[in-house]
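Chemist: sequence unknown, structure follows:
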């Protein structure tokens, strides 16, 4: 599983990356978590509001920081 956090580096983007890494560890899934901060690459995903969370090239959340519990549900339901 490949998980990407999209965002230019704002506080919410950093929080989403931190919570996502914690959720992956807590869920015990085999996933690679990365950060995309290039605005042109973010726009390639069709994201207009950051932060955004992409799982296996599908945008699953945009414009908010979900709870760790929500992220765990998203990654374990895949």
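Modeler: Perfect, thanks for sending it. Because the structure is a prediction, the values reported are computed rather than measured.

Chemist: Dig out what the spatially most central residue of the chain forms beta bridges with.
Modeler: With distances taken as CA atoms, centre = their mean, residue 53 lies nearest the centre of the chain, 2.8 Å away. Bridge pairing for residue 53 (DSSP bridges) gives the partners residue 5, residue 61.

Chemist: What separation do you get for it and residue 19?
Modeler: Applying CB to CB, to the nearest Å, the value for residue 53 to residue 19 is 10 Å. In this view, the C-beta of every residue, glycine as well, is placed from N, C-alpha and C.

Chemist: Touching both of those two, which residues are there?
Modeler: 66, 71 (CB atoms under 8 Å, 6 or more residues apart in numbering).

Chemist: now the helices for the chain?
Modeler: Per DSSP state H, the chain carries helices over the ranges 11-27, 39-44, 68-76.

Chemist: can I get those helices in JSON lines with mean neighbour count, distance to residue 60 and mean pLDDT?
Modeler: Listed next are those as JSON lines, based on neighbours: other CB atoms under 10 Å; distance: least, CB to CB, whole Å; pLDDT from 0 to 100:
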{"stretch": "helix 11-27", "mean neighbour count": "17", "distance to residue 60": "11", "mean pLDDT": "97"}
{"stretch": "helix 39-44", "mean neighbour count": "12", "distance to residue 60": "15", "mean pLDDT": "95"}
{"stretch": "helix 68-76", "mean neighbour count": "17", "distance to residue 60": "5", "mean pLDDT": "96"}
